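> pasting the sequence and the predicted coordinates here, then a few questions.
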There are 2 protein chains.
Amino acid sequence: MKGERPIVIGLNAVIVAVTRESPRILTISGSSVSDAGAHASPDAQLDVLPFGPLDPEADRTLELSIRRWVSERTGLELGYVEQLYTFGDRDRVARSKDVPRVISVAYLALAREQRPSGSYRARWRDWYTFFPWEDWRGGQPSVIPDVVEPALATWIDGVRDRAREERLERAGIAFGLRGSTWDPDRVLERYELLYELGLVVESLRDRDRPETTVDSPGLGRPMDMDHRRILATGLGRMRGKLRYRPVVFELVPRTFTLTRLQRVVEALAGIRLHKQNFRRLVERGGLVEGTGRLDTRTGGRPAELFRFRREVLRERRAPGLGLPGTRRGRHTVDGP
Amino acid sequence: MKGERPIVIGLNAVIVAVTRESPRILTISGSSVSDAGAHASPDAQLDVLPFGPLDPEADRTLELSIRRWVSERTGLELGYVEQLYTFGDRDRVARSKDVPRVISVAYLALAREQRPSGSYRARWRDWYTFFPWEDWRGGQPSVIPDVVEPALATWIDGVRDRAREERLERAGIAFGLRGSTWDPDRVLERYELLYELGLVVESLRDRDRPETTVDSPGLGRPMDMDHRRILATGLGRMRGKLRYRPVVFELVPRTFTLTRLQRVVEALAGIRLHKQNFRRLVERGGLVEGTGRLDTRTGGRPAELFRFRREVLRERRAPGLGLPGTRRGRHTVDGP
DNA sequence: CCGTATATACTCATAGTGAGCATAATCGGA
DNA sequence: TCCGATTATGCTCACTATGAGTATATACGG
């Protein structure tokens, strides 16, 4: 019969900021995770994303709830906020039937980086700490040839015929092998594949015993529960969003040089962009306008300071920064 | 204090099919709405989307839950399913504090049309019944100049200066006025604007008394609770998805003529497409392959039957049917 | 005042896209 | 049998977007 196991609902936030060339997310680190909710793992070492229960009366909408409690607990005022995904797998928090089923409505939020305050043990972390294979700014990360590809090869050869073909194809698409292009957006797909392969600590933990916290070689810092999966979802969404909405501007100061803007995009997308084309895109696309002022601290020739042109929102249909490879064509890395 | 008002969680489905040139959604119509859940309005006339409570133990994931209960109640086997959005506004079901707060996780699903079976009072309805202003296949729907535009004008002139500018801009973007292009995807934006204007019956009901069920002139069939908003979200998502994922093929038979395929896309997008360019897109894009067989029942020259090329999924990055206006440029209607 | 570093401008080849013209294959009736 | 209507299919053209590369401008430190 239904109705025996209670259901609780929580809110979850993936809060993104960028410092210089480092994309960051807000995490709650260390031990007193249990402050955050009733259902925390006993493991004291793991990070979690900010989350908490939903107060059924306090706010008119879920988004307002998120904004309020992030602000109350960390002092951060969020800029752009959008609903990310609702996570509700039966065993995502615990496999026991004695523990309530937790449905988490996750939000993606952008903030200009500020030091978080408050009693909450919040801190910013570079998101590539959790996903080292996602940062291609310096070329292909070494974990891929060293660890991922061999593991994929074994996995692929574990079955035959049709099934083998499917694995081959899936691995190719996810990691840009065999003539496919590396697609920065497929973050979740890659994480899930690594999870399936058992390369990611969480999958061992979920399959075997909670105590398993072996450091997998170069495969990033784990998180508690399914929070790394939530984060992967958020990172993928963030990258996708970059393409067709001018969201970067939520992450940079009011005026900025084009190089600075480019660095922020590159940090998020995890790839290097062609400088001249980036300028063209952003200027001719009407996304920015010059202020006439210059920034002389750049090293060489001083750079003009630009600002975001809000008007673009009504002019163009989908103003974003089309990352390369939007159509087809291979992406080449363009050394720093 | 929190915790006094209970929270319940439900699942909600927007199930899409296309019959000939009519895009349809599955609705539960008529009186015994209360079968579907504990919290139904007393009004016997209104349609709802299929929805029900979540069984916390039955299925491993929410998506499996949706598939199971749709199949149990209507006999439909769903094809493509994706999570749509989670609706959790405090007063979405009732304003009273004595009624639990209902969080609904909505899914978008595609099905080839079949007659629904089972005790559930399910039926297909053309979705333009609910959104008459969204169907531009025969040119601009008359409600827009007749009803919407005058109402927008009044609304815009209700304030001054900056605020007026903002309204002007918002209306322009949503309905493609003042040099903006009609964007088929902005379904939710338009619905919400009409709701704010009070043109849509639901907004009167929510503001005043539940008994208000006046037929608004040409502004479509209302639904119970916020289900029409959910539907608008689904329709918008569906249209967006068309652009970059080959989802249409879930809605057509295994083989089809290109004209038939085009009609289905047009039905969903609510606009007419340029025939030759549609062919080019779909053929040269590698989305379909000819079967060699012909369909002679088309009237003029027989048309070749095509099938979907699954392989495209691994070849191209984002294979969809880029509707016109993806970049900029005005969309022209191309009379039937 | 020269080398280095960064910023900005311009060119070129190619691919995608909106629009329209031209040709092919069927049918029903004159 | 041939013609007009009807639908399918093929092709051209202009224009824009984009990936890539070359060239010029303006600062700094010696």
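That came in fine, so what should we check first?

> how about the strands in the stretch 101-250 of chain A?
Using DSSP state E, counting those that start in this stretch, the strands assigned to the stretch 101-250 of chain A run over residues A:101-110, A:122-126.

> tell me which of those strands is the most buried.
Of those, the one with the most neighbours on average (mean count of other Cβ atoms under 10 Å in any protein chain shown) is strand A:101-110, at a mean of 24. The C-beta positions use only the backbone N, C-alpha and C, and glycine is treated the same way.

> so what strands line up beside it?
Strand partners for strand A:101-110, identified by DSSP bridges, are recorded as strand A:7-19 (parallel), strand A:81-87 (antiparallel).

> quick one, which of the ones you listed is packed in tightest?
For these, average neighbour numbers computed from mean count of other Cβ under 10 Å are highest in strand A:7-19, which has a mean of 22.

> quick revisit: check the strands of the stretch 101-250 of chain A for me: which has the lowest mean pLDDT.
Comparing mean pLDDT across the strands of the stretch 101-250 of chain A, the weakest is strand A:122-126, with a mean of 91.

> chain center to that one: distance?
The gap between where strand A:122-126 is centred and where its chain is centred comes out at 13 Å by Cα atoms, centre = their mean, to the nearest Å.

> redo the strands paired with strand A:101-110 as JSON lines? Include distance to B:V16.
Below are these laid out as JSON lines (distance: least, Cβ to Cβ, whole Å):
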{"stretch": "strand A:7-19", "distance to B:V16": "27"}
{"stretch": "strand A:81-87", "distance to B:V16": "20"}
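
> out of those strands, which gets nearest to DNA strand D?
Proximity to DNA strand D, assessed across the strands paired with strand A:101-110 by Cβ to the nearest atom of the strand, is greatest for strand A:7-19 (21.6 Å).

> distance between the closest one and the chain's centre?
11 Å.

> now the helix or strand that it is followed by against strand A:101-110, angle please.
As assigned by DSSP states H and E, the chain's next helix or strand after strand A:7-19 is strand A:22-28. Angle between the axes of strand A:22-28 and strand A:101-110 is 140 degrees (criterion: axes from the mean of the first three to the mean of the last three Cα atoms, to 10 degrees).

> let me know the angle separating strand A:22-28 from strand A:122-126.
Put simply, strand A:22-28 runs at 150 degrees to strand A:122-126, going by the same axes, to 10 degrees.

> direction included, what does the helix or strand following strand A:22-28 pair up with?
Once the chain leaves strand A:22-28, the next helix or strand it forms, by DSSP H and E, is strand A:51-53. According to DSSP bridges, strand A:51-53 forms sheet pairs with strand A:7-19 (antiparallel).

> average pLDDT across the strand it pairs with?
Strand A:7-19 carries an average pLDDT of 95.

> let me know whether A:F175 touches A:E189 as I believe.
No: counting by Cβ atoms under 8 Å, A:F175 does not reach A:E189; the two are 9.2 Å apart.

> looking at the two, which has the bigger crowd around it?
Using other Cβ atoms under 10 Å in any protein chain shown as the criterion, A:F175 and A:E189 rank with A:F175 on top: 22 against 16.

> okay, that one: pLDDT?
pLDDT, A:F175: 93.

> repeat for the one 3 residues further on
The predicted structure scores A:R178 at 77 on the pLDDT scale.

> of the strands paired with strand A:101-110, give the one that comes closest to DNA strand C.
Taking Cβ to the nearest atom of the strand as the criterion, strand A:7-19 is the member of those that comes nearest to DNA strand C, at 16.7 Å.

> as a check, name the ranges of all helices in chain A.
Counting by DSSP state H, chain A forms helices over residues A:62-74, A:143, A:149-156, A:161-175, A:187-197, A:201-207, A:227-244, A:258-269, A:275-284, A:312-315, given from the N-terminal end onward.

> follow-up on the earlier one: for DNA strand D, which of the strands of the stretch 101-250 of chain A is the nearest?
Taking those one by one with Cβ to the nearest atom of the strand, strand A:101-110 is closest: 23.2 Å.

> just how off-centre is the closest one within its chain?
In terms of Cα atoms, centre = their mean, the centre of strand A:101-110 is set 13 Å apart from its chain centre.

> rebuild the strands paired with strand A:101-110 as a markdown table, extending it with distance to DNA strand C.
Below are the strands paired with strand A:101-110 laid out as a markdown table (distance: least, Cβ to the nearest atom of the strand, whole Å):
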| stretch | distance to DNA strand C |
| --- | --- |
| strand A:7-19 | 17 |
| strand A:81-87 | 26 |
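
> redo the strands of the stretch 101-250 of chain A as CSV? Include distance to A:P184.
Below are the strands of the stretch 101-250 of chain A laid out as CSV (distance: least, Cβ to Cβ, whole Å):
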stretch, distance to A:P184
strand A:101-110, 16
strand A:122-126, 16
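
> go through those and name the closest to A:Y195.
Between A:Y195 and the strands of the stretch 101-250 of chain A, the shortest gap by Cβ to Cβ is with strand A:101-110, which sits at 17.5 Å.

> compute the inter-axis angle for that closest one and helix A:62-74.
In terms of direction (the same axes, to 10 degrees), strand A:101-110 departs from helix A:62-74 by 80 degrees.

> relative to helix A:227-244, how tilted is strand A:101-110?
Here strand A:101-110 runs at an angle of 40 degrees relative to helix A:227-244 (the same axes, to 10 degrees).

> CA atoms only: put strand A:101-110 into PDB for me.
Taking Å, rounded to 0.1, in the frame of the first residue of the first chain, the C-alpha atoms of strand A:101-110 are listed here in PDB:
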ATOM      1  CA  ARG A 101      11.700  10.100   0.300                       C
ATOM      2  CA  VAL A 102      13.200  13.500  -0.400                       C
ATOM      3  CA  ILE A 103      12.100  15.400  -3.500                       C
ATOM      4  CA  SER A 104      14.500  18.300  -4.200                       C
ATOM      5  CA  VAL A 105      13.600  21.100  -6.400                       C
ATOM      6  CA  ALA A 106      17.000  22.500  -7.500                       C
ATOM      7  CA  TYR A 107      17.600  26.100  -8.700                       C
ATOM      8  CA  LEU A 108      20.400  27.500 -10.700                       C
ATOM      9  CA  ALA A 109      21.500  31.000  -9.600                       C
ATOM     10  CA  LEU A 110      24.100  33.500 -10.600                       C
END
